[in-house]
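Peer 1: turn this into a structure:
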Amino acid sequence: MSATFIDSPVQLQPTGGTVGNCGAIVPVLKTTRGNSAPVRAIRVLHLINGEYFSGAERVQQLLGLGLPEFGFSPQFACVKPGKFREHCGLPDDIVFDTPMNGRFDLKLTRKLAKLVRSSRVELLHAHTPRTALIAAITAKRAGVAWIYHVHSPTARDSTRGLINRINDLVERLSIRNCQCLITVSKSLRHEMLSRGYPRNRLVCIPNGVQAAPPIDHRGRLTQSTWRLGLLALMRPRKGIEVALDAMAQLRGRNLPVTLELIGGFETEEYQRKILGQIDALNLHETVRWTGFTADVQSAIGRLDALVLPSLFGEGMPMVVLEALAAGVPVIATRVEGTPEVVRDGIEGLLAQPRDSQDLARKIAQLTENRMRWAEMGQHALLRHRSRFSDVEMARKVARAYRRVLRNFVPICPS
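Peer 2: Predicted structure coming up:
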């Protein structure tokens, strides 16, 4: 199966496509310059969990929006259907549910292999250990190439040790035959190299987000109160307990700081634990939980600073990039990929993980000088525009796709 590759942005033709040899509709695109012949869009099937709509899902969403500009037609199969379909904003005809009955339910691979062949999908792109297992088997059945996207360190993705070990083993076994590993940060690339994965199969592509209306730094210079926000899927590795302890310390110093917890909880048990800690520390006047929001941009735009006191497991946090895009300084911890985005004292401040006193000191430091805060906000805007745009992320992923497809030698489907 051959494909015409392009390196400039493209747009869909109004006609919508042509009929391929297998009877499937194959999208046709043309370059935005309008002076070259139409080329066929290369179909890529993303295998995702789909249960949540958090950081990795935002990457998937933005690739869904951006890849068509570079000649690729993405589709998304959700093996754990949930919030992704509801909140991703992608066309209904490219996002569909293919639920697994359990972690090792492999019957789905036959159905997907048939879909890949009939729809002329040329590349699979998996995003989790669960979907890596499905992609590895489906790619072999259908005789196509596949890519694995490393969003976080699997061995330390959660506080559940047994689940981490199972996922790590599944990932190790599954990605042995993938054609390319995309890591979202240099720290993850170093980790995959240390595990013995070939350098020529690894490519580091930083996450990126869309540009956002910047907050009004000048208009807030005389504001005396500080509104902080912790925006995440609320789970133990995000360090929420540390943030609450820091807020209790700041209250004792009478600093005018409030904290908004924005996001749903991973489990009801953890929700009860965190709300119980708020009660125990008597933080009702300074800490508020507002729940899940799909409008991340508006939520961040209301903040003076984003707080992300993660303990571990951060590849490259999308919410940090969202804050930079809006000119909102970030107070985060020195874990994995976060320091590759936020430079201490420039776009924000970095604290030591698990250290509520250090986090409280960094928050207090930020509140000392509104002019310095505004300077950090301006540096944040520049940092996003120069390094972490969604367009650049899609461009680099498309480049990785083209390299894989150029070098891939199809094998007979099994």
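Peer 1: can you show me the strands along the stretch 201-350 of the chain?
Peer 2: 202-204, 226-231, 257-262, 287-291, 305-308, 330-333, 348-351 (DSSP state E, counting those that start in this stretch).
Peer 1: got these as JSON lines, with distance to Arg195 and mean pLDDT columns?
Peer 2: Quick note: C-beta positions are derived from backbone N, CA and C, even for glycine. Formatted as JSON lines, the strands of the stretch 201-350 of the chain follow (distance: least, Cβ to Cβ, whole Å; pLDDT from 0 to 100):
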{"stretch": "strand 202-204", "distance to Arg195": "11", "mean pLDDT": "97"}
{"stretch": "strand 226-231", "distance to Arg195": "31", "mean pLDDT": "96"}
{"stretch": "strand 257-262", "distance to Arg195": "34", "mean pLDDT": "96"}
{"stretch": "strand 287-291", "distance to Arg195": "38", "mean pLDDT": "94"}
{"stretch": "strand 305-308", "distance to Arg195": "26", "mean pLDDT": "97"}
{"stretch": "strand 330-333", "distance to Arg195": "24", "mean pLDDT": "97"}
{"stretch": "strand 348-351", "distance to Arg195": "26", "mean pLDDT": "98"}
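Peer 1: any weak-confidence spans in this protein?
Peer 2: The chain contains residues with pLDDT under 70 at 1-39, 155, 157-158, 411-414.
Peer 1: domain parsing for it?
Peer 2: As assigned by automatic domain parsing, the chain contains the domains 10-207+390-407, 218-387.
Peer 1: put together TSV for those domains, with mean neighbour count on each row.
Peer 2: Formatted as TSV, the domains of the chain follow (neighbours: other Cβ atoms under 10 Å):
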stretch	mean neighbour count
domain 10-207+390-407	18
domain 218-387	19
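Peer 1: leaving out chain neighbours, which residue sits closest to the residue most central in space within the chain?
Peer 2: Residue closest to the average C-alpha location in the chain (Cα atoms, centre = their mean): Ala56, at 2.9 Å. Nearest non-adjacent residue to Ala56, counting by Cβ to Cβ, 6 or more residues apart in numbering: His151, 4.3 Å away.
Peer 1: would you turn the strands of the stretch 201-350 of the chain into a markdown table with distance to Gly239?
Peer 2: As requested, these are arranged in a markdown table below (distance: least, Cβ to Cβ, whole Å):
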| stretch | distance to Gly239 |
| --- | --- |
| strand 202-204 | 25 |
| strand 226-231 | 9 |
| strand 257-262 | 12 |
| strand 287-291 | 14 |
| strand 305-308 | 8 |
| strand 330-333 | 7 |
| strand 348-351 | 10 |
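Peer 1: looking at those strands, which is closest to Gln297?
Peer 2: Evaluated with Cβ to Cβ, the strands of the stretch 201-350 of the chain place strand 226-231 nearest to Gln297, the distance being 10.9 Å.
Peer 1: not counting sequence-adjacent ones, nearest residue to Gly50?
Peer 2: Nearest non-adjacent residue to Gly50, counting by Cβ to Cβ, 6+ apart: Cys78, 2.9 Å away.
Peer 1: surely that neighbour is in contact with Asp97?
Peer 2: Yes - taking contacts as Cβ atoms under 8 Å, Cys78 lies within contact range of Asp97: 5.1 Å.
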